[in-house]
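Novice: only geometry, no sequence info:
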């Protein structure tokens with residue numbers, strides 16, 4: 001600010017008005033210099049598995065180890081009911097879903113945990129299968145896009161809401177509109193919005209995979225050539241070989257369709273002991289990694305694009321890391337996750353399928369941030385692991401408190417140096433910034 005202090009020595013004529021302008025500018029510059037740097041780094045997690053659908057947070061500056069009792073619990077949000085929905089964070093709000101007294105709701109909270117609104121969204125899923133009687137509650141995670149929330153209910157009701165107010169914008173009964181049979185475990189997909197297109201899978205006679213207008217819910221296209229019944233993955237979109245492809249699953253296969261037209265481009269068989277394909281694919285280059293549970297395992301395909309045709313070429317497959325629904329994470333040429341029949345946390349070479357290490361007998365969900373893996377055992381133990389193929393290396397673990405009943409199946413989320421974990425009726429928020 002020497003130019004302001006030494007005005008008398010400057011060889012130019014400056015009016016009183018100009019001096020006032022200079023002082024004002026200096027004050028503004030000083031104000032911005034005093035602002036904390038962290039104000040410039042605000043992150044969001046607007047859809048299931050994050051903005052780029054890789055289940056990786058871009059944040060840095062996080063703890064590399066935990067004390068014996070785990071990171072500090074800084075917030076608990078209660079009253080969200082039964083369910084396995086994870087959280088989305090966008091627009092300065094947190095969204096999730098849960099079933100209260102057998103009525104599913106979407107909830108919106110401010111970042112201090114204050115309830116802003118809740119909206120009923122269709123009917124609850126029920127079952128007569130004894131082994132699944134405890135699996136009640138919402139499955140899907142709300143999707144945030146450009147001020148709207150999109151949520152797929154357990155019985156196939158797709159609802160668009162205003163994110164600030166919860167006002168209903170439109171609804172589609174997908175099970176009815178597309179003549180879909182009842183799903184065994186309720187719709188679990190978290191829908192994807194790409195531009196003005198919304199992708200969702202009714203798994204019905206009139207449309208297995210469909211594309212709707214995000215603003216109106218009107219159909220853009222519907223694919224009826226995909227075999228099998230409902231798969232439980234959420235959609236992933238990528239450009240490969242000049243074709244924008246949408247990846248998903250059915251009970252008997254994984255597939256890719258042209259995201260613009262809905263034309264089936266390719267499919268590969270994936271039939272496990274329960275006919276359940278729940279995990280999203282991992283895309284790296286033109287390679288597609290698939291992991292599916294109940295003993296089938298994992299596999300890698302190369303997608304060879306020839307003009308408008310796509311031909312999948314199997315690179316390898318094995319029974320390792322037969323992940324059920326906890327997700328897997330790619331990092332620097334390796335994939336991390338747990339198995340279901342082949343239990344334990346695994347590290348597998350992405351290109352060869354070689355097992356680098358395996359440890360514990362856990363089965364659970366996983367996410368990645370700042371070189372570390374957050375591995376949540378379905379029984380409620382969270383482990384902090386180093387993302388390295390060299391060896392299994394834990395940097396801390398702790399037992400989560402209980403939020404109600406059932407397994408810890410909701411996927412963990414890292415956002416703005418906080419770790420969010422939902423268990424049944426509660427969301428636990430931990431400080432994980434260094």
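Specialist: Great, that's in hand. Values in this document were obtained by computation on a predicted structure and should not be read as measured data.
Novice: quick one: contacts for residue 108?
Specialist: By C-beta atoms under 8 Å, 6 or more residues apart in numbering, residue 108 lies in contact with 93, 94, 95, 115, 116, 117, 118, 149, 163, 166. All C-beta atoms are positioned from the backbone trio N, CA, C, and that covers glycine.
Novice: Neighbour-wise, which one of these leads?
Specialist: In terms of neighbours by other C-beta atoms under 10 Å, the contacts of residue 108 top out with residue 149 at 27 neighbours.
Novice: Kindly indicate which of the contacts of residue 108 lies nearest residue 59.
Specialist: Checking these against residue 59 by C-beta to C-beta gives residue 94 as the nearest, at 16.5 Å.
Novice: Could you find the closest non-adjacent residue to that closest one?
Specialist: In space, and not counting its chain neighbours, residue 94 is closest to residue 109: 4.6 Å by C-beta to C-beta, 6 or more residues apart in numbering.
Novice: tell me the SS of that neighbour?
Specialist: strand (DSSP: H, G, I helix; E, B strand; the rest coil).
Novice: Which pLDDT value goes with it?
Specialist: pLDDT for residue 109: 98.
Novice: At which residues are the helices of the stretch 101-250 of the chain located?
Specialist: Assigned by DSSP state H, counting those that start in this stretch, the helices in the stretch 101-250 of the chain fall at 174-177.
Novice: What segments of it are strands?
Specialist: 103-110, 115-120, 143-145, 148-152, 157-162, 168-173, 192-194, 197-200, 209-213, 219-223, 236-240, 243-249 (DSSP state E, counting those that start in this stretch).
Novice: just so I know, which of those lies nearest residue 55?
Specialist: strand 236-240 (10.7 Å).
Novice: any idea of the angle the closest one forms with strand 243-249?
Specialist: 140 degrees (axes from the mean of the first three to the mean of the last three C-alpha atoms, to 10 degrees).
Novice: now strand 236-240: mean pLDDT?
Specialist: Strand 236-240 shows a mean pLDDT of 97.
Novice: pretty sure residue 56 contacts residue 332?
Specialist: No - with contacts counted by C-beta atoms under 8 Å, residue 56 stays clear of residue 332, the gap being 11.3 Å.
Novice: okay, those two: which has more neighbours?
Specialist: Neighbour comparison, residue 56 and residue 332: the larger count goes to residue 56, with 19 against 9 (by other C-beta under 10 Å).
Novice: can you tell me which residues contact the more buried one?
Specialist: Residue 56 is in contact with 50, 329, 330, 331, 367, 368, 369, counting by C-beta under 8 Å, 6+ apart.
Novice: ok, those residues vs residue 289, which is closest?
Specialist: Of the contacts of residue 56, the one sitting nearest to residue 289 (C-beta to C-beta) turns out to be residue 330, at 7.1 Å.
Novice: Model confidence score at that closest one, please.
Specialist: 98.
Novice: Excluding chain neighbours, what is closest to it?
Specialist: Excluding its sequence neighbours, the residue lying closest to residue 330 (C-beta to C-beta, 6+ apart) is residue 282, at 4.9 Å.
Novice: how close does the one you found get to residue 383?
Specialist: Residue 282 sits 21 Å away from residue 383, going by C-beta to C-beta, to the nearest Å.
Novice: for residue 214, same thing?
Specialist: 38 Å.
Novice: Would you mind listing the residues in contact with the residue nearest to residue 330?
Specialist: 54, 288, 289, 328, 330, 335, 350.
Novice: Adding neighbour count and distance to residue 242, write these out as a markdown table.
Specialist: As requested, the contacts of residue 282 are exported to a markdown table (neighbours: other C-beta atoms under 10 Å; distance: C-beta to C-beta, whole Å):
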| residue | neighbour count | distance to residue 242 |
| --- | --- | --- |
| 54 | 19 | 22 |
| 288 | 25 | 17 |
| 289 | 22 | 21 |
| 328 | 23 | 27 |
| 330 | 19 | 23 |
| 335 | 25 | 26 |
| 350 | 20 | 23 |
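Novice: Among those residues, which lie within strands?
Specialist: Per DSSP state E, strands hold the following members of the contacts of residue 282: 288, 289, 330, 335.
Novice: Could you report the pLDDT at residue 1?
Specialist: 38.
Novice: Any idea which of the strands of the stretch 101-250 of the chain gets closest to residue 81?
Specialist: It's strand 103-110; of the strands of the stretch 101-250 of the chain, that one is closest to residue 81 (C-beta to C-beta) at 6.8 Å.
Novice: Surely residue 138 is in contact with residue 102?
Specialist: No - with contacts counted by C-beta under 8 Å, residue 138 stays clear of residue 102, the gap being 11.4 Å.
Novice: Need the strands of the stretch 101-250 of the chain in a markdown table (columns: distance to residue 88).
Specialist: As requested, the strands of the stretch 101-250 of the chain are exported to a markdown table (distance: least, C-beta to C-beta, whole Å):
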| stretch | distance to residue 88 |
| --- | --- |
| strand 103-110 | 10 |
| strand 115-120 | 14 |
| strand 143-145 | 5 |
| strand 148-152 | 8 |
| strand 157-162 | 12 |
| strand 168-173 | 17 |
| strand 192-194 | 12 |
| strand 197-200 | 15 |
| strand 209-213 | 19 |
| strand 219-223 | 24 |
| strand 236-240 | 16 |
| strand 243-249 | 20 |
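Novice: Fine, thanks again, bye for now.
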